[in-house]
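1. after the sequence you'll find the predicted model.
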Amino acid sequence: MSENTRPIGHDMTATSQEVLDAGMAVRREVLGNAHVDRAEERKDETTEDFQNLITRYAWGTIWTRPGLDRRMRSAVTISAMVSGGYWEEAAMHLRAALRNGLSREEIKEILLQTAIYSSVPAANIAFKLAQEVFAQVDEDLAAGKEL
């Protein structure tokens, strides 16, 4: 991979601001403007460094890499969030998976796979969470809000 085609977070000529900007663009595309705007509005001196870290590294360095498409990244992320029991993050990424093009049927299959390789009790919670997220998505779409 030449320096010109390296993901922005791995391009040593990219400025820190360019990586942050690329991360913010992907973050908005995946999570939606409303979610990111809420996170940005809640940012204060305690959380600002952390928000910059995740925007720069998670979104600007990892999510910008070409090796996996966003559907696959969402599948992996859902599995990781369920396996770790990170329910608030799992809910956010269930919605993001729909934005990234995964169907509800595919998400169900990801949760079934996670039940076997991670934890049936965790998958049980995740299925209930998916029901709640899908209901909220349906409500939001009916109200004309973005996915």
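-> Received it, and whenever you're ready, just let me know what you need. Residues are numbered from 1 along each chain as shown.
2. look at Ala58 and give its secondary structure.
-> Recorded secondary structure, Ala58: helix (DSSP: H, G, I helix; E, B strand; the rest coil).
3. for it, give me its contacts.
-> Applying CB atoms under 8 Å, 6 or more residues apart in numbering to Ala58 gives the contacts Gly23. Yep, even glycine has a C-beta here, placed from its N, CA and C like the rest.
4. and for Arg104?
-> Listed by CB under 8 Å, 6+ apart, the contact set of Arg104 reads 98, 130, 134.
5. which strand or helix spans Glu146?
-> Assignment of secondary structure by DSSP states H and E places Glu146 within no helix or strand.
6. need the pLDDT of the nearest residue to Gly9 once chain neighbours are set aside.
-> Take Gly9 and drop its neighbours on the chain: the residue closest to it by CB to CB, 6 or more residues apart in numbering is Thr61, 2.8 Å away. Note on Thr61: pLDDT of 92.
7. just checking, Glu146 touches Ala34?
-> Yes: when contacts are counted by CB atoms under 8 Å, Glu146 is listed as touching Ala34 (6.6 Å).
8. do you know how far the residue positioned nearest the centre of the chain is from Asp138?
-> Nearest to the mean C-alpha position of the chain, counting by CA atoms, centre = their mean, stands His93 at 4.6 Å. Distance, His93 to Asp138, using CB to CB, to the nearest Å: 18 Å.
9. got the buried residues for the longest helix seen in the chain?
-> Identified as the longest helix of the chain according to DSSP state H is helix 120-142. Residues of helix 120-142 classed as buried: 122-123, 126-127, 129-130, 133, 137 (neighbour count, 16 or more other CB atoms under 10 Å).
10. need those residues in CSV (columns: pLDDT and distance to Met12).
-> Converted to CSV, the buried residues of helix 120-142 look like this (pLDDT from 0 to 100; distance: CB to CB, whole Å):
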residue, pLDDT, distance to Met12
Ala122, 97, 39
Ala123, 97, 41
Ala126, 98, 39
Phe127, 98, 44
Leu129, 98, 40
Ala130, 98, 40
Val133, 98, 39
Val137, 97, 40
